[in-house]
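Engineer: Mind folding the following:
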Amino acid sequence: MKRLQQQNLRILGLGAIVAVLVTPALFNQPVLAQLQQIRQSVAQNLQREPQVQLTLSAAKQVMTTSNTGKPETSWQPLSGKVTVQPGDVLQYRLNGKNVSDRPVRNLVVTQPVPAQMKYVLNSATGNQAGSEITFSIDNGQTFVANPTVQVTLPDGTIETQPAPAEAYTHVRWNFGGVLSAGAELDAAYQVEVR
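Structural biologist: Below is the predicted model of the structure:
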């Protein structure tokens, strides 16, 4: 029985090779022309897929004092080569738009916390209803809403505590169900230069 199955598989495999060689002859088209048609078809289908255009920008926090003596925060846009100092706070803003004529489903965007910077706790925001913000403290391997670490206390007991800002490596936005055609999204997070 096993030998018969092996022979059938060989015959099927040989039949597939013959079909590939004979099909172009039957339709009077070279194989290369058929491959080009397949590529064009795939490219056209990809162009019809929903698209989201994303733009990432950065701004530096500027602290001033108002006429009444109250501290005020503003953001100075950054572009080109910029020098920052330890303690400076930067805001990364991600703007996006569904530029296709179809809805986009289950859009997820992940941003790393740049090297030599630490995440500013509770600074991540997103404007889409139903969006979920999660974080990684293991270089993007896993994401959770509230990262925790195990800390050994002076008496030797191990306690679970919220992860410190220095441990955050990535921020992720899951924009949930559907981003309709023409819809815009806005997400931001802050980091501090170490």
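Engineer: drop to CA atoms for contacts and neighbour counts, all remaining ones
Structural biologist: Fine.
Engineer: I would like the residues contacting stretch 113-120, please.
Structural biologist: The contact list for stretch 113-120, computed with Cα atoms under 8 Å, 6 or more residues apart in numbering, reads 165-171, 189-194.
Engineer: Could you dump those residues into JSON lines with distance to residue 98 added?
Structural biologist: Formatted as JSON lines, these follow (distance: Cα to Cα, whole Å):
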{"residue": "165", "distance to residue 98": "32"}
{"residue": "166", "distance to residue 98": "34"}
{"residue": "167", "distance to residue 98": "33"}
{"residue": "168", "distance to residue 98": "29"}
{"residue": "169", "distance to residue 98": "27"}
{"residue": "170", "distance to residue 98": "24"}
{"residue": "171", "distance to residue 98": "21"}
{"residue": "189", "distance to residue 98": "21"}
{"residue": "190", "distance to residue 98": "25"}
{"residue": "191", "distance to residue 98": "27"}
{"residue": "192", "distance to residue 98": "31"}
{"residue": "193", "distance to residue 98": "33"}
{"residue": "194", "distance to residue 98": "35"}
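Engineer: what are the ranges of the helices in the chain?
Structural biologist: Taking DSSP state H as the criterion, the chain carries its helices at 2-27, 31-48.
Engineer: need the strands for the chain, in chain order.
Structural biologist: Taking DSSP state E to define them, one finds strands in the chain at 52-65, 71-78, 89-98, 104-105, 108-112, 117-119, 125-126, 132-136, 148-152, 158-162, 170-174, 178-179, 184-193.
Engineer: circling back to that earlier point, hmm, which of the contacts of stretch 113-120 are the buried ones?
Structural biologist: Among the contacts of stretch 113-120, those scoring as buried are 165, 166, 167, 168, 169, 170, 171, 189, 190, 191, 192, 193 (criterion: 16 or more other Cα atoms under 10 Å).
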